[in-house]
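[1] Let's see this in three dimensions:
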Amino acid sequence: MGERKRHRILMVSDFFYPNFGGVENHIYYLSQCLLKLGHKVVVMTHAYQNRSGVRYMTGGLKVYYVPWRPFLMQNTFPTFYGTLPIVRTILIRENISLVHGHQAFSTLCHEALMHARTMGYKVVFTDHSLYGFADAGSIHMNKVLQFTLAEVSQAICVSHTSKENTVLRSGLPPEKVFVIPNAVDTAMFKPAPTRLSRHEIVIVVISRLVYRKGADLLVEVIPEVCRLYPNVRFIVGGDGPKRVRLEEMREKHSLQDRVEMLGAVQHSQVRSVLITGHIFLNSSLTEAFCIAILEAASCGLLTVSTRVGGVPEVLPDDMVVLAKPDPSDMVQAIEKAISILPNIDPEEMHNRMKELYNWHDVAKRTEIVYDRALKCSKQNLLKRLSRYLSCGTWAGKLFCLVMIIDFIFWHLLQRWQVVKLFHLFLRVPYSFVFHLVILFLSLYISLQRILKRCLILFYPMIKMMAYRGTIRTKALDDCS
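    Numbers count the residues shown, from 1 in each chain. Below is the predicted model of the structure:
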């Protein structure tokens with residue numbers, strides 16, 4: 001069996017640490033496991049507050065926090081071509097062979113994949129979310145995704161539902177899309193050392209308190225469950241614009257002693273909150289894949305969740321109770337969960353999660369996608385533009401114009417910088433000596449080019465002067 005090919009991967013997204021979320025965790029854990037498999041992984045994201053420049057994380061993971069500030073919802077302002085010089089520099093400096101972008105919301109991801117395709121690199125895209133088709137925001141995002149995926153080498157989705165959604169939105173051939181689910185760090189999310197008493201049942205909610213996460217459903221579900229079960233208590237962790245509604249609900253129904261509002265919970269504290277409960281409640285209205293459910297199950301909690309998106313694919317039927325995103329149906333699901341709670345063994349559930357979801361398995365499956373992406377054939381600019389023309393009557397022409405301008409800008413950068421020299425020397429750790437060597441070699445190459453051009457310009461004149469000198473010498477010889 002041949003030796004495994006080592007890849008040099010650039011992960012790109014607007015969403016990364018120190019921000020916390022599903023995409024951030026996915027990129028971090030996947031990068032760590034790929035590093036352990038012997039690949040080189042570099043992450044590129046925008047600056048976070050005072051965190052700018054190059055940083056190193058656990059396992060030697062190198063992160064470029066480029067000097068772009070978030071504009072809206074942790075996304076950078078779209079510049080189209082403003083990121084080309086820095087993307088090009090990182091690709092050359094790190095000797096990257098493949099670019100992996102994450103999340104359709106990420107502006108930085110879309111721009112980096114565009115520049116990478118222009119420069120001839122293979123690109124892979126992972127979609128972490130579900131989108132609609134009718135509202136103005138979804139129509140706009142779907143058209144942007146169609147542009148990004150028009151020339152992508154391979155794509156990854158986190159669930160089969162997400163794959164169907166991505167294929168319909170982007171027009172990407174289904175055979176180019178792979179399903180690789182998320183995973184959970186079971187070493188971090190362990191059950192409580194001692195089993196909790198069931199005299200008081202604790203239901204835990206950890207989520208962003210926004211409309212998409214079903215915060216409005218919680219406003220109706222929590223009072224009804226508290227009315228039916230006097231021994232039930234809720235712990236709500238998270239923050240967002242819908243927190244005010246939950247606070248009002250608690251005041252209206254006098255549930256201050258039965259509904260605890262924790263506010264924003266750091267990721268390092270999530271486990272300590274989860275192990276205080278018996279049931280985990282997820283009320284999302286749309287989910288491609290819910291990592292929070294995996295974390296709760298790994299801690300031994302029985303899950304009650306809305307039957308939306310890719311959620312039904314996440315856990316076996318005996319570990320989750322599903323309900324329609326309707327208050328009455330969710331109350332019935334919680335009642336069912338309370339009735340089967342005595343049959344739940346947290347340790348057994350944790351051990352099953354170890355076998356079902358593992359980041360090393362995700363990394364190995366992603367490695368196969370990288371291998372297939374690198375085998376894709378290269379195409380010239382004309383063939384590439386034909387793909388963009390198929391994106392729509394007007395949008396196709398606009399996409400072609402964007403790519404042509406990007407191609408011109410890239411060639412201008414190629415002429416301004418000595419690329420081969422960078423390829424040779426920027427792999428070596430920086431030092432003053434190497435900077436001097438690069439400087440002198442650059443001057444040497446420049447002088448060579450100047451001398452060459454001078455010779456081309458003055459060669460006919462020198463040849464003519466030499467010819468005249470020869471004739472004159474012969475004439476003097478004849479006279480003598």
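[2] Quick check: mean pLDDT of stretch 87-104?
    The average pLDDT within stretch 87-104 is 94.
[3] Using CSV, write down the CA coordinates of stretch 234-242.
    Presented in CSV, the C-alpha positions along stretch 234-242 are these (Å, rounded to 0.1, in the frame of the first residue of the first chain):
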residue,chain,number,x,y,z
PHE,A,234,-35.5,25.0,33.6
ILE,A,235,-31.9,26.3,33.2
VAL,A,236,-31.6,28.6,30.1
GLY,A,237,-28.1,29.5,28.9
GLY,A,238,-27.5,31.9,26.1
ASP,A,239,-28.1,35.5,25.0
GLY,A,240,-29.8,37.3,22.2
PRO,A,241,-32.6,39.7,21.2
LYS,A,242,-35.3,37.2,22.3
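[4] which other residues reach that stretch?
    Contacts with stretch 234-242, where a contact means C-beta atoms under 8 Å, 6 or more residues apart in numbering, come from 202-211, 213, 215-216, 218, 222, 225-226, 246, 255, 258-265, 270, 273, 276-277. All C-beta spots, glycine's among them, are computed from the backbone N, C-alpha and C.
[5] of these, buried ones?
    202-210, 213, 215-216, 218, 222, 225-226, 246, 255, 258-261, 265, 270, 273, 277 (16 or more other C-beta atoms under 10 Å).
[6] so of those residues, which ones are in helices?
    Members of the buried ones among the contacts of stretch 234-242 lying in helices (criterion: DSSP state H): 215-216, 218, 222, 225-226, 246, 270, 273.
[7] Put together JSON lines for the residues you listed, with distance to residue 41 and pLDDT on each row.
    As requested, these are arranged in JSON lines below (distance: C-beta to C-beta, whole Å; pLDDT from 0 to 100):
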{"residue": "215", "distance to residue 41": "36", "pLDDT": "94"}
{"residue": "216", "distance to residue 41": "40", "pLDDT": "94"}
{"residue": "218", "distance to residue 41": "38", "pLDDT": "96"}
{"residue": "222", "distance to residue 41": "43", "pLDDT": "96"}
{"residue": "225", "distance to residue 41": "45", "pLDDT": "96"}
{"residue": "226", "distance to residue 41": "47", "pLDDT": "95"}
{"residue": "246", "distance to residue 41": "40", "pLDDT": "95"}
{"residue": "270", "distance to residue 41": "25", "pLDDT": "94"}
{"residue": "273", "distance to residue 41": "31", "pLDDT": "95"}
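[8] What is the nearest of those residues to residue 58?
    Closest approach to residue 58 among these (C-beta to C-beta): residue 270, at 18.5 Å.
[9] any idea how far that closest one lies from residue 28?
    From residue 270 across to residue 28, the span is 15 Å (C-beta to C-beta, to the nearest Å).
[10] secondary structure class for residue 11?
    When classified by DSSP: H, G, I helix; E, B strand; the rest coil, residue 11 comes out as strand.
[11] List the contacts of it.
    27, 30-31, 41-44, 100, 102.
[12] same deal with residue 132?
    residue 138.
[13] what does residue 117 give?
    Residue 117 touches 123, 151, 384, counting by C-beta under 8 Å, 6+ apart.
[14] The last one: neighbouring residues, count only.
    Put plainly, it is residue 384. Residue 384: 17 surrounding residues under other C-beta atoms under 10 Å.
[15] Is it in a helix, a strand, or coil?
    helix.
[16] Any figure for the gap between it and residue 390?
    For residue 384, the distance to residue 390 - C-beta to C-beta - is 12 Å.
[17] I'd assumed residue 112 was in contact with residue 79.
    No: counting by C-beta atoms under 8 Å, residue 79 does not reach residue 112; the two are 11.6 Å apart.
[18] Same drill for the two, tell me which one is more crowded.
    residue 112 (28 against 12).
[19] Specify the local secondary structure of that one.
    helix.
[20] so it touches residue 43, yeah?
    No: with contacts counted by C-beta under 8 Å, residue 112 stays clear of residue 43, the gap being 11.4 Å.
[21] which neighbours do the two share?
    Contacts common to residue 112 and residue 43, judged by C-beta under 8 Å, 6+ apart, are 10, 12.
[22] Flag the shaky bits of the protein, pLDDT-wise.
    Where the chain drops to pLDDT under 70, the residues are 1-3, 417-480.
[23] residue closest to the middle of it?
    residue 102 (2.4 Å; C-alpha atoms, centre = their mean).
[24] Residue 119 is in contact with residue 89, isn't it?
    No: with contact defined as C-beta under 8 Å, residue 119 does not count as touching residue 89 (11.5 Å).
[25] More neighbours: which of the two?
    Neighbours per residue (other C-beta under 10 Å) separate residue 119 from residue 89, with residue 119 holding more: 19 against 15.
[26] sorry, back to before: of the contacts of residue 117, which is the nearest to residue 190?
    residue 123 (37.5 Å).
[27] which residues touch that closest one?
    Applying C-beta under 8 Å, 6+ apart, the residues contacting residue 123 are 98-101, 113, 116-117, 151-153, 373.
[28] and which of those is nearest to residue 36?
    residue 100 (16.8 Å).
[29] three-state assignment of that closest one?
    strand.
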